[in-house]
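Novice: with the input below, show me the fold.
(one chain, ligands or ions: 2)
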Amino acid sequence: MGCGLPVQDAAEIALCAAELASNAVRHGKRGVLDVFVLHEDKAGIELRCADEGPGFIDVNAALTDGWSRGRPLKPEDSTRDGLGTGLGAIRRLMDELEVDSTTTGSVVTARRWARPRRS
Ligand SMILES: Nc1ncnc2c1ncn2[C@@H]1O[C@H](COP(=O)(O)OP(=O)(O)OP(=O)(O)O)[C@@H](O)[C@H]1O
Ligand SMILES: [Mg+2]
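Specialist: Ligands and ions are numbered 1, 2, ... in the order given. Modelled structure (predicted):
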């Protein structure tokens, strides 16, 4: 990837990018996903997905597994519309996750840093 991250990490980051884009399309009006290579005191990747609203109903609840479209999923719910696990997976796979949401748009930013290589 040219930023010091191994291929396995790249695959996991790609999954997170796909999930962010999917959320922007399914829960927002439309959006743009930007990918930045970070070269700060350490190397990393930043995913930033910005959409045009309508915004999160409850950001904290949305980050927990099994919460979808403003409510906890019940066993009888169809799984066709999702399991409410996308943001939880991103939180587990990435090192940082921030949600800045208003009714006119949401920006979800996730970063993953290169880990020290084992010798
Ligand atoms: N860009 C967004 N704008 C508004 N609400 C969002 C956005 N992204 C996520 N959400 C809200 O957060 C909830 C949880 O998102 P999450 O990705 O975890 O689950 P899901 O998209 O419902 O299902 P899954 O990702 O498992 O298919 C969504 O159901 C939606 O209510
Ligand atoms: Mg999702």
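Novice: quickly note the distance from residue 50 to residue 103.
Specialist: Counting by CB to CB, to the nearest Å, the gap from residue 50 to residue 103 is 14 Å. To be clear about C-beta, it is placed using only N, CA and C from the backbone, and glycine gets the same treatment.
Novice: okay, these two: which has more neighbours?
Specialist: Neighbours per residue, other CB atoms under 10 Å: of residue 50 and residue 103, the larger number sits with residue 50, 18 against 9.
Novice: check contacts around the more buried one.
Specialist: 24, 31-32, 34, 105-107 (CB atoms under 8 Å, 6 or more residues apart in numbering).
Novice: which of these has the most neighbours?
Specialist: Busiest of these [other CB under 10 Å] is residue 106, holding 23 neighbours.
Novice: how about the contacts made by residue 28?
Specialist: Residue 28 neighbours (CB under 8 Å, 6+ apart): 51-54, 105-106.
Novice: with residue 104 instead?
Specialist: 52-53, 55.
Novice: hmm, which of those are the buried ones?
Specialist: Neighbour counting by 16 or more other CB atoms under 10 Å classes 53, 55 among the contacts of residue 104 as buried.
Novice: format the contacts of residue 104 as CSV; extra columns: distance to residue 12.
Specialist: As requested, those are exported to CSV (distance: CB to CB, whole Å):
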residue, distance to residue 12
52, 28
53, 29
55, 27
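Novice: check the protein for the residue nearest ligand 2 and tell me.
Specialist: Across the chain, no residue is closer to ligand 2 than residue 86, which sits at 2.8 Å (CB to the ion).
Novice: that residue: neighbour count?
Specialist: For residue 86, using other CB under 10 Å, the count is 21.
Novice: in the helix or strand hosting residue 23, what counts as buried?
Specialist: Using DSSP states H and E, residue 23 maps to helix 7-27. Of the residues in helix 7-27, 9, 12-13, 16-17, 19-21, 23-24, 27 count as buried by neighbour count, 16+ other CB under 10 Å.
Novice: could you do stretch 43-56 as well?
Specialist: 44-51, 53, 55-56.
Novice: how about the contacts of residue 104 in CSV, adding pLDDT?
Specialist: As requested, the contacts of residue 104 are arranged in CSV below (pLDDT from 0 to 100):
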residue, pLDDT
52, 96
53, 92
55, 98
